[in-house]
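> Attaching a predicted model along with its sequence, questions to come.
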Amino acid sequence: MDIESIRKVFPAKLIPEKEIFSRINPGHRIFIGTGCGEPQYAVKAFVRYMESNPKAFLDAEIFQVWTLGVVPKAAELFKKNFRHNAFFVGANTRDAVNSGTADYTPVFLSRVPHLFSKGMIPIDVALIQISPPDERGFASLGVSVDIVKAAVEAASIVIAQVNNAMPRVHGDTFIHVKDVDFLIPYDEPLLEYETSLPSEVSERIGKNVARIVEDGDTIQVGYGNTPNAILSALSHKKNLGVHTELFTDGIAELMRQGVITNDRKPIDRGKSVAAFCMGTTETYSFIHDNPTVEFRTIDYTNNPAVIARIDNITAINSALEIDLTGQATAESIGRAFHSGIGGHADFMRGSTMARHGKSILVLPSTALAGSVSRIVPFLREGAGVTLSRGDVYYVVTEFGIAFLDGKNIRERAMSLIGIAHPKFQPALLEAARERSMIYKDQTSIRGGYPEELESHRILVPGEGVLLRPVRISDEPLLKDFFYSLSEGTVYKRFFMTGPRAMPHEKLQHLFLDIDIAKEMVILAVPEHETKEVVLGVAQYRGNKASHTAEVAVVVRDEHQNRGIGTALLSHLSYIAKKQGLLGFTAEVLRENRAMLHLFQKVGFDITEKEVIAEAFSLRLGFQK
């Protein structure tokens, strides 16, 4: 149905703009379309009308989720005419909100349609943007469905800019022209949202997240440089699905590559489901009339009960700051409002209710050009707790992954300190000691976490292990590992007889009180497990006089004779050679033939000297 056909059937909908805006009265509450769906020309026409008729309406209120357009500037010009009220604080409204010249309504976005429909937030006028109606009179809300459809249904007056640039998107996006009171035909490019190229920090975060996301997972990702880097890091995955709030350029690209297929979703199979899109013209073209993309209202996409029905959903959201107990804020920096609640809690809670669901909170370890840590002892005064201690499962920075679910405060603090920026770890440890969150004698690993020393090994087809340096948060894992060992294995490794005991002080001294420039502890852990389990440990301690190091290896009993010891010792040898060591030394019980065989298998030049009747002292030279 073209404009001329509409003019013949519904002539009252195409009246002059000044007559349209004259229907807006003092005190009206006006909703304007979201983000890239903001009707730019219509808003400018509205502003022109205010300029010509400054007393036509006063004390009006403008509602938006997110504005990229002209509204905040207009709000500054027309303070007496209207006040801006944001459901999400963006860069364009941040100063106004924090200076008190605009309002912020903290709310789960999934709740907003309910607030509209029940009249708790009345909407008098909806100013939106639509695609041209089809032959049956149905137009699409295009890139912005989210709360827009609920606003249209609740508003007394609906004003729509008809724009040929608006894509026709499948799903719950359609409204009939008869339900629109006034039309303003005007073609113009849609607003675009482009991010800068991902930084090195974002790329490292993306790689860490990719270790958690598995083939077949359904993902939810937010906006910005870090989410884009995360999506890029998922390019080697298979059969991913999408159920998200925001559709981005990165999602479109993974769909083009065939990484996102939605073939394994239990609901909306074959469809990438989102509520709105912020991207480039190329992405708008991709979603236009694309049957594999459906936009739904925010009370569907963000409904925790709906999210919980999606097996293997992985929600990935960002935070501004997290404290050592696991509380996180994504909406404020101390007392200053920065963004909003948005869909964080909806997706983080819904995903953990789902079968095999996962929630991942990502944040760079520092802010303000590296001058402050985003991991802090406690959230700053006035900060909004977007996610409580019970909401946060995985936390990812460029320095690693912390898993908090089921962890006590001491374990949480150590896990989060372990992924903080190394230059802030000593201060965080001291702050945690002072607050009795960790052991008073808790030591640290000098030299930080050398991620480059991680190694992935396939032992048998389908079974992989990760060999990684020890972290300061590994004490509970090492304790469990020690007490899992049989008496025979404990005797062979630690020369320990009688009751087994590995108290905190001893365990810390053996495995955690190290300087990686002179010592190394490597753990073997299974890949792709929710809860890490130590399968084996290899370590060396340097002898400065001989420029060698004493080495020891131990493997959990039920995993012995599967190649884990060989992998550990080979990798430890590689690290020692890089450090310039000349070889290893080892004390081995005469009866420990398995260890002697392991040293031979790895290929050391072995020189032995019997010390006592029960043990050998070995010199293990690296082969040239």
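Yep, that arrived.
> Tell me where the model's unsure across the stretch 501-624 of the chain.
Low-confidence segments of the stretch 501-624 of the chain (pLDDT under 70): 528-530, 609-613, 624.
> again, only using 80
528-531, 543-546, 608-613, 623-624 (pLDDT under 80).
> cool, the stretch 201-350 of the chain as well?
Using pLDDT under 80, the stretch 201-350 of the chain drops low at 223-224.
> Helices of that one, start to end?
225-233, 249-257, 281-287, 298-301, 304-307, 344-353 (DSSP state H, counting those that start in this stretch).
> Then the stretch 401-550 of the chain?
Secondary structure of the stretch 401-550 of the chain (DSSP H, counting those that start in this stretch): helices at 409-418, 425-434, 475-484, 487-494, 504-507.
> just to revisit the earlier point, closest to residue 96 out of the helices of the stretch 201-350 of the chain?
Minimum separation from residue 96 across these (Cβ to Cβ) falls at helix 344-353, 22.7 Å. In short, each C-beta sits where N, CA and C put it, glycine included.
> Now do the buried residues in that closest one.
Residues of helix 344-353 classed as buried by neighbour count (16 or more other Cβ atoms under 10 Å): 344-352.
> How about stretch 408-415?
Applying 16+ other Cβ under 10 Å to stretch 408-415 flags 409-415 as buried.
> Check stretch 331-341 too.
331-333, 337-341.
> Hmm, residue 149 is touching residue 295, no?
No. Using Cβ atoms under 8 Å, residue 149 is not in contact with residue 295, being 9.5 Å away.
> which one of the helices of the stretch 401-550 of the chain is the most hemmed in?
Comparing the helices of the stretch 401-550 of the chain by mean neighbour count (mean count of other Cβ atoms under 10 Å), helix 409-418 ranks first with a mean of 23.
> What helices and strands are in contact with it?
strand 400-403, helix 425-434 (3 or more Cβ pairs under 8 Å, 6 or more residues apart in numbering; DSSP states H and E).
> who's in contact with residue 535?
Going by Cβ atoms under 8 Å, 6 or more residues apart in numbering, residue 535 touches 465, 524-526, 555-556, 559, 564.
> Of all the helices and strands packed on helix 409-418, which one is nearest residue 575?
Residue 575 sits nearest to strand 400-403 of all those, at 18.1 Å, using Cβ to Cβ.
> Listing partners with orientation, what would you give for that closest one?
Strand 400-403 has the following strand partners under DSSP bridges: strand 394-397 (antiparallel).
> I'd like the C-alpha coordinates of the partner strand written as PDB, please.
Output of strand 394-397 as PDB, limited to C-alpha atoms (Å, rounded to 0.1, in the frame of the first residue of the first chain):
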ATOM      1  CA  TYR A 394      31.600 -16.800  35.400                       C
ATOM      2  CA  VAL A 395      33.700 -13.600  35.500                       C
ATOM      3  CA  VAL A 396      36.100 -12.900  32.700                       C
ATOM      4  CA  THR A 397      38.800 -10.300  32.300                       C
END
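> can you give me the strands in the stretch 201-350 of the chain?
With strands called from DSSP state E, counting those that start in this stretch, the stretch 201-350 of the chain shows them at 218-221, 241-242, 246-247, 272-274, 276-277, 293-295, 313-318, 321-323, 328-329, 332-333, 336-337.
> Next, the angle from the longest one to helix 225-233.
Read that as strand 313-318. Strand 313-318 runs at 140 degrees relative to helix 225-233, counting by axes from the mean of the first three to the mean of the last three Cα atoms, to 10 degrees.
> what sits up against strand 313-318?
209, 212-213, 217-222, 224, 226-227, 230, 243, 307, 330, 343-344, 347-348, 350-351, 354, 357-363.
> just the fourth one next, same as before
Residues outside strand 272-274 that contact it (Cβ under 8 Å, 6+ apart) are 171, 241-247, 251, 255, 260, 262, 292-296, 301.
> Return the distance of stretch 167-184 from the chain's centre.
33 Å (Cα atoms, centre = their mean, to the nearest Å).
> Any buried residues in that stretch, and which?
167-175, 177, 180-184.
> Mind checking which of the residues you listed are in strands?
Using DSSP state E, the subset of the buried residues of stretch 167-184 located in strands is 170-171, 174-175, 182-184.
> Looking at those, which is nearest residue 378?
For those, the nearest to residue 378 is residue 171 (42.7 Å; Cβ to Cβ).
> hang on, isn't that closest one packed against residue 292?
No. Look at residue 171 against residue 292 with Cβ under 8 Å: they stay out of range, at 11.0 Å.
> Just give me the lowest mean pLDDT stretch among the helices and strands packed on helix 409-418.
Among these, strand 400-403 has the lowest mean pLDDT, at a mean of 92.
> Outline the domain layout of the protein.
3-185, 200-434, 451-621 (automatic domain parsing).
> what is in contact with residue 171 and residue 292 at once?
Residues touching both residue 171 and residue 292 (Cβ under 8 Å, 6+ apart) are residue 271.
> Relative to residue 459, which of the helices and strands packed on helix 409-418 is closest?
strand 400-403 (22.1 Å).
> outside of the closest one, which residues touch it?
Here strand 400-403 has contacts from 208, 211-212, 393-396, 412, 415-416, 418-419, 449, 451, 471, 473, 530-532, using Cβ under 8 Å, 6+ apart.
> Mind putting the contacts of residue 535 into CSV with distance to residue 581 and neighbour count?
Shown next, in CSV, are the contacts of residue 535 (distance: Cβ to Cβ, whole Å; neighbours: other Cβ atoms under 10 Å):
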residue, distance to residue 581, neighbour count
465, 24, 23
524, 21, 27
525, 25, 16
526, 29, 15
555, 23, 27
556, 27, 20
559, 27, 19
564, 23, 21
